[in-house]
Structures are given as structure tokens and as C-alpha cells.
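> A structural model of the following input is requested.
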Amino acid sequence: MARFGLMLRKLPAGLLYLVRSWVVVCAVALCAGGSARAQAVVDMLPVQVAPGVWYVQGLSALGAPANQNFISNAGFVVTPAGVVVIDALGSPALAQRLIAEIRKVSAQPITHVIVTHYHADHIYGLQAFKAAGARILAHRAAREYLQSDTARLRLEASRQELAPWVDAQTRLLDADEWLDGDLTLTVGGVPMQIRHVGPSHTPEDLVVVLPRQKLLFAGDLVFRARIPFVGQADSKQWIKALDALLGFDTTVIVPGHGPVSTSAREDMQLTRDYLVHLRTTMGTAARNLDPFEDAYKAADWSRFDKLPLFRVANRMNAYNTYLLMEQESK
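Next up, the predicted model:
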């Protein structure tokens, strides 16, 4: 632990706050989930959302041992020549469970995993899909994160906070194919349009459009029924990306978190409005040189404070937005 503390002290101030905040979130998750270790793990039930397309929905909760870090969504597309998976879930055990569910639907090989972004709850299951023979596709901008202290420290902490589901055998994987831009992947005659919409939630954000099904896998650009995790996102670009998504010819959206949506504009609006509110309140404070604590207390959070995870995520979101708006105002 002493060595871990020394590494933290060497980090830049903004990154140090982010890592410390994340550790606090993990501690809350551990306290909340520790008493539930003996409970049955939440069910993983694939839901068909279009012909040949399924998704599984993670909990609107923090990652904890009791839920194996099942807090994000993943999807899969069954074609005559193979199965394409979108995101790999938050632990190898979850990925194995998803593979078992896919096998109930199709005996076709799992050919590809498309990673929408490299946050832990979407990638810690990658090694299970790699072992099953899948080829990993992601945007090249994720390589900087994979090589960073942030990724390494987070994995070290997760091995403790999410044990036994994330452990010493859990590792970070590079993509087999790093994308520099958009790509149309066609498997078994089924086209899947992979579009780069970052930097927004992360620099590497990808979304996947299935034009025949008019369906969009939106990754973490869209959070339904919960507060988004903003982190060090470029919220200005995130808002622009949401506006771009509204221009896609889709009628069904699978978000990165929360239930599937058939009301695109309405369901994107909550994420968009929250980001706008963060930027407005924290931007005004940054321009006026108001201290963050005063600005946070003065802000009106009443529209959002009843949403799941508000108490554990909102303050961190506001602080990181305050730092971002300080930089933008210079």
C-alpha cells in the first residue's frame, strides 16, 4: 500500500483527484456490496431488440463483488457466418456467462468484438472473447489510455475491490485492429457501420449502426435512467456527438447503460441536458473565479438528484467539468 500511495502522489493534481475520487466510489461499492456477497449473482438475460440482434442490460449500480461488475450493457449480432459482439462487460466471468448465452442462440463462431471505449466495465471481459477466437476492434485513440498509469492503477485497485471476479489473471488487451476512423464491417452479409464519434465521453468513442435494422449501439454516449459518468470527458464534443447521433436513421438505441430505447430524441435528451447543466453552472463559476465548493453548493441539482448514482457521481462530474471549463476559459 505504501508503494501505491507513493505512485498516487506523483500524479498530476487533476488526475490525482480523479483517481482518489474513483477509489472513494469503489469503497462505497465495496461497503454496499460486501454484505451481499453471498446473494445470487444478478441474472443475465439476453433480450432480442431486432432481427438477429440481442443485448444484455447491466445494473444501474456501482461495480461490486456481488454483481461481478455487471453495470454496463453489451450486445451481439448473429449472422450466417458468425457472431459480432459489442463490448465485453466488466469481468472475465461475465464475459464467459455472455458467451454461454450466445451459444444458446447460435452455434456460429464469435468472430469479432467491437469495443466502444476502453472503460473498465466494458473491457475486463475481453480476454474471454479473445480465448474464444474473436478479433478485437477498437479506435486507435485508446492506446494512450492502455499505456497510462491510470489504466494500470485502476486495474490494480479493481483486483482488490472486485475480487474474485477481477484478479491477478485479469489483464488489459490491445485491439487486434486499431481503427483510425470509420469502418463498415460486413459479416455473413450483414453490414455494421462503425463510426468514430470521439473525443466525447472518451477520445476513442465508437458507435455501431445496423442500417437494415435501423438500430444504434451508442456506447456510453447515452446513459438511460441514471447519472452519466463524465470523468475527464470532453463534454462540449460529447454534446455535439449526441446531436450527430440524432441525425442517424435509427429507431432503436441500445445505450451503454440502461434499458433499450425506442424514443431516440427523448432518451438522448437527459444525457445532453445534464452535460449542458454541468457546463453552464461550472462554466459560470470558472469564469467568475468562484471557488468550486461555493459553486457546487449554489448550483440547482433538483432535476437530476433523484436519479440513480447521483450521490456518488455528481460531485466528481461537477469537479472535472469545473477544471475543464477553467481550461476552456483561458
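
> ok, how many other residues are close to residue 319?
Using other CB atoms under 10 Å, residue 319 has 20 neighbouring residues. The way it works is simple: take the backbone N, C-alpha and C, and place the C-beta from them, glycine included.

> surely it forms part of a helix?
Yes: Residue 319 forms part of a helix when assessed by DSSP: H, G, I helix; E, B strand; the rest coil.

> how near is it to residue 264?
30 Å (CB to CB, to the nearest Å).

> do a quick rundown of the helices in the stretch 201-330 of the chain.
235-245, 264-287, 292-298, 310-328 (DSSP state H, counting those that start in this stretch).

> and those: which comes nearest residue 65?
Nearest of the helices of the stretch 201-330 of the chain to residue 65, taken as CB to CB: helix 310-328 at 17.0 Å.

> what residues sit buried inside the closest one?
Neighbour-count burial for helix 310-328 flags 310, 312-314, 316-326 (criterion: 16 or more other CB atoms under 10 Å).

> can I get that helix as PDB, trimmed to CA atoms?
These are the backbone C-alpha positions of helix 310-328, laid out as PDB (Å, rounded to 0.1, in the frame of the first residue of the first chain):
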ATOM      1  CA  PHE A 310     -26.300  11.000  -8.300                       C
ATOM      2  CA  ARG A 311     -24.800  10.900  -4.900                       C
ATOM      3  CA  VAL A 312     -21.600   9.100  -5.900                       C
ATOM      4  CA  ALA A 313     -21.000  10.500  -9.300                       C
ATOM      5  CA  ASN A 314     -22.400  14.100  -9.500                       C
ATOM      6  CA  ARG A 315     -19.800  15.800  -7.400                       C
ATOM      7  CA  MET A 316     -16.900  14.200  -9.300                       C
ATOM      8  CA  ASN A 317     -18.600  15.100 -12.600                       C
ATOM      9  CA  ALA A 318     -19.000  18.700 -11.500                       C
ATOM     10  CA  TYR A 319     -15.400  19.000 -10.300                       C
ATOM     11  CA  ASN A 320     -14.000  17.600 -13.500                       C
ATOM     12  CA  THR A 321     -16.200  19.900 -15.500                       C
ATOM     13  CA  TYR A 322     -15.100  22.800 -13.400                       C
ATOM     14  CA  LEU A 323     -11.500  22.000 -14.300                       C
ATOM     15  CA  LEU A 324     -12.400  21.600 -18.000                       C
ATOM     16  CA  MET A 325     -14.200  25.000 -18.000                       C
ATOM     17  CA  GLU A 326     -11.200  26.600 -16.400                       C
ATOM     18  CA  GLN A 327      -9.000  25.400 -19.300                       C
ATOM     19  CA  GLU A 328     -11.600  26.400 -21.900                       C
END
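
> grab the most central residue of this protein for me.
What sits nearest the mean C-alpha location of the chain, by CA atoms, centre = their mean, is residue 220, with 4.7 Å.

> for the closest residue to it other than its chain neighbours, grab the count of nearby residues.
The shortest distance from residue 220 to any non-neighbouring residue, by CB to CB, 6 or more residues apart in numbering, is to residue 256 (3.7 Å). Neighbour count for residue 256, taken as other CB under 10 Å: 28.

> quick revisit: TSV for the helices of the stretch 201-330 of the chain, including mean pLDDT and distance to residue 59?
TSV is the format used below for the helices of the stretch 201-330 of the chain (pLDDT from 0 to 100; distance: least, CB to CB, whole Å):
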stretch	mean pLDDT	distance to residue 59
helix 235-245	92	23
helix 264-287	91	18
helix 292-298	97	27
helix 310-328	94	14
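
> got JSON lines for the ones you listed, with distance to residue 93 too?
Converted to JSON lines, these look like this (distance: least, CB to CB, whole Å):
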{"stretch": "helix 235-245", "distance to residue 93": "31"}
{"stretch": "helix 264-287", "distance to residue 93": "29"}
{"stretch": "helix 292-298", "distance to residue 93": "38"}
{"stretch": "helix 310-328", "distance to residue 93": "24"}
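
> of all those helices, which lies closest to residue 166?
Of the helices of the stretch 201-330 of the chain, nearest to residue 166 by CB to CB is helix 310-328, at 19.2 Å.

> can you give me how far the longest strand seen in the chain is from the chain middle?
Longest strand in the chain by number of residues (criterion: DSSP state E): strand 215-223. The chain centre lies 10 Å from the centre of strand 215-223; the measure is CA atoms, centre = their mean, to the nearest Å.

> going by neighbour count, list what's buried in that strand.
215-223.

> which elements pack onto it?
strand 206-210, helix 235-245, strand 252-257, helix 264-287 (3 or more CB pairs under 8 Å, 6 or more residues apart in numbering; DSSP states H and E).

> let me know which of those is the nearest to residue 45.
strand 252-257 (14.6 Å).

> what's the local residue count around residue 81?
Residue 81: 13 neighbours (other CB under 10 Å).

> quick check, pLDDT for it.
pLDDT for residue 81: 98.

> with adjacent residues omitted, what lies nearest to residue 80?
Closest to residue 80 by CB to CB, 6+ apart is residue 188, at 3.9 Å.

> quick one: the strands in the chain?
Going by DSSP E, the chain shows strands at 47-50, 53-56, 74-79, 82-86, 110-114, 135-139, 177-179, 183-187, 190-196, 206-210, 215-223, 252-257.
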